[in-house]
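Trainee: model this:
(2 chains)
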Amino acid sequence: MQYKSQAVAKPYFVAAIGLFVGQIVFGLVMGLQYVVGDFLFPAIPFNVARMVHTNLLIVWLLFGFMGAAYYMVPEESETELHSPKLALILFWVFLVAGALTVLGYLMVPYAKLAEMTGNNLLPTMGREFLEQPLITKVGIVVVALAFLYNISMTVLKGRKTSITMVLLLGLWGLAVFFLFSFYNPANLVLDKFYWWWVVHLWVEGVWELILGALLAFVLIKVTGVDREVIEKWLYVIIAMTIITGVIGTGHHYFWIGTPGYWQWWGSAFSALEPIPFFMMTVFAFNMVNRRRRDHPNKVATLWALGTGVMAFLGAGVWGFLHTLAPVNYYTHGTQITAAHGHMAFYGAYVMVVLTIISYAMPMLRGRQANSNKSQVVEMWGFWLMTVSMVFITLFLTAAGILQTWLQRVSSTPMPFMQAQDQVAIFYWARELAGVIFLIGLVVYLFSFFIKGEEKAKA
Amino acid sequence: MSESFTKSTARNIFWGAAVFSFLLFLALTFDTTAALPKRDNRANLTPEVVRGKHLWETNNCIGCHTLLGEGAYFAPELGNVYIRRGGDFIKAWMKAQPTGAPGRRQMPQFNLTEEQLTDLVAFLKYASEINTEKWPPNIEG
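Mentor: Residues are numbered from 1 along each chain as shown, chains lettered A, B, ... in the order given. All right, here's what the predicted structure looks like:
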């Protein structure tokens, strides 16, 4: 650790991992409810478990991004953070707000929660991923702005690198596009149209800039390859991201009341969306092959390579699978979407946050890398989680293909629940893979507590 | 990548691409906005429909169901449920929940009044009349 103020990243990373555990537990609850429908009903109905599962994911990834920024920016800018104190205050504000929101979901009926939290003043709740009460949404904006102020001031007073510029652009974009979550017209088509300006322009737009910046930073550190080379790659990758991803939003505008021409725009541009992800994989492997040093933190390198591969498979390949309008006509809103969502989020965003944590956490704990023993255990965590996520995706894909056939393609279409019963075996298999994922997560957590011999002092 | 292709070239490509993409996206958004009045059934956005959408949101229906294919995938598509089942069935169904059938997926009881049920049905009827390019492929959603 080169700058004292980088230490504020540590609580962010710890909170991120803690919330990650919560996310997986609720994922297992939902997975079981798919086959044992009355499990935990009426205490935790499926919709509540799902809100907790998806909202925890978003919140812990945001914790990860913020922690990453606090760690990276002082080092890149070669100066202390503008205000470490503000960073710590924001940490507690965000953690308490997040915890209260999740408790609200779990303890209060949603309609009551909406009434209590001023949703009648400005209705924004009850839309997928944007379920947060108004006060939470306002809180997110306040925390994001104060965080951006802190980071931007640091960048402005110090060295300006391409990595920090891309990171800042991504983080500012994240905050700006979130503002569309406050726009909820009664007109369902307009509501849906602009809802995607948050959801799609986040995950297939500005978040990819953050992803690229994090990956580039770690690759510079672990490979020692010239910054000029890495930053050139970064720009080319994010250029492709924007070219394909922005008009690629059109793949969500096929069947929601928007004009038919989106089927052409959306299909053509989003069919190219795997390209930036493929480039990311080539980039990661290329840089590691051309490494000029052997960094003792092997497991961080593994996470970085894994991010490239799994983001390409999950976001690129599984996205392409159902992005062409004639295919999507049949698969839209089936388990195929769920399969893609799982591997894309894990491969791109979960893994990149775990990459930066894997690289930075030993530094924050005063060593360049964890002991060999600890790294081997973390690698077990990597493989268990990654392989089980591949299986979760494969089982959901199988369920999705069958569902699509039975319910949509067949000449005697089956009602929804009847088709669900037919594919139950795949839901059981998915749940089993989910349990293995949880075991992998426990192994991963365990690796933090293994001491062993330290290789080198930081 | 070759030496003649410099970082500043790459950066310029990025900025050019970003500006071009967003301008094109805004142009398409503008055109979509102009085309929507003929497609989005806004003529039927009655006060009942508006109240119905509010009920749809504040009871987190999207947490289990899909609406025009978006949402959770745990329970049936409701964009065309008005056509599939009709208003009376929807009301009776909601009043009868949860079924309590062992091991089956359960829908909570939302305790809506008769007037609220009418609003919700009005919203689902409005949603079923949006021009969705003939999606879903069949009545089962």
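Trainee: use CA for all of it now, contacts and neighbours both
Mentor: Will do.
Trainee: how much space between the residue of chain B found nearest chain A and residue A:344?
Mentor: Closest residue of chain B to chain A, CA to the nearest CA: residue B:105 (3.5 Å). Look at residue B:105 and residue A:344: by CA to CA, to the nearest Å, they are 27 Å apart.
Trainee: do the same with residue A:272
Mentor: Counting by CA to CA, the gap from residue A:272 to residue A:344 is 16 Å.
Trainee: what's the answer for residue A:243, then?
Mentor: Distance, residue A:243 to residue A:344, using CA to CA: 19 Å.
Trainee: now residue A:244
Mentor: To residue A:344, residue A:244 is 16 Å away according to CA to CA.
Trainee: ok, and what's touching stretch A:77-93?
Mentor: A:3-6, A:8, A:11-12, A:70, A:73-74, A:143, A:146-147, A:150-151, A:153-155, A:157-161, A:164 (CA atoms under 8 Å, 6 or more residues apart in numbering or on different chains).
Trainee: and the stretch 201-350 of chain A, which of its residues are near chain B?
Mentor: A:228-229, A:231-233, A:235-236, A:238-240, A:242-243, A:246-247, A:254-260, A:329-330, A:332-335, A:338 (CA under 8 Å from any CA of the partner chain).
Trainee: so which residue of chain A comes closest to chain B?
Mentor: residue A:37 (3.5 Å).
Trainee: What is the three-state secondary structure of that residue?
Mentor: On the three-state scheme (DSSP: H, G, I helix; E, B strand; the rest coil), residue A:37 is labelled coil.
Trainee: ok, now residue A:126?
Mentor: Classified using three-state DSSP, residue A:126 is coil.
Trainee: out of the contacts of stretch A:77-93, which touch chain B?
Mentor: Applying CA under 8 Å from any CA to these, none is adjacent to chain B.
Trainee: which stretches of the stretch 1-150 of chain A form helices?
Mentor: Under the criterion DSSP state H, counting those that start in this stretch, the stretch 1-150 of chain A contains helices at A:9-33, A:46-77, A:84-107, A:110-116, A:134-157.
Trainee: Can I get those helices in JSON lines including mean neighbour count?
Mentor: Shown next, in JSON lines, are the helices of the stretch 1-150 of chain A (neighbours: other CA atoms under 10 Å in any protein chain shown):
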{"stretch": "helix A:9-33", "mean neighbour count": "21"}
{"stretch": "helix A:46-77", "mean neighbour count": "24"}
{"stretch": "helix A:84-107", "mean neighbour count": "17"}
{"stretch": "helix A:110-116", "mean neighbour count": "18"}
{"stretch": "helix A:134-157", "mean neighbour count": "18"}
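Trainee: could I get those as JSON lines with mean pLDDT?
Mentor: Converted to JSON lines, these look like this (pLDDT from 0 to 100):
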{"stretch": "helix A:9-33", "mean pLDDT": "98"}
{"stretch": "helix A:46-77", "mean pLDDT": "98"}
{"stretch": "helix A:84-107", "mean pLDDT": "98"}
{"stretch": "helix A:110-116", "mean pLDDT": "98"}
{"stretch": "helix A:134-157", "mean pLDDT": "97"}
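Trainee: Point out the one among these that comes closest to residue A:397.
Mentor: Nearest to residue A:397 among the helices of the stretch 1-150 of chain A is helix A:9-33; the distance by CA to CA comes to 14.7 Å.
Trainee: Can you spell out which helices and strands pack onto the closest one?
Mentor: Applying 3 or more CA pairs under 8 Å, 6 or more residues apart in numbering or on different chains; DSSP states H and E, one finds that helix A:9-33 contacts helix A:46-77, helix A:84-107, helix A:351-364, helix A:424-447.
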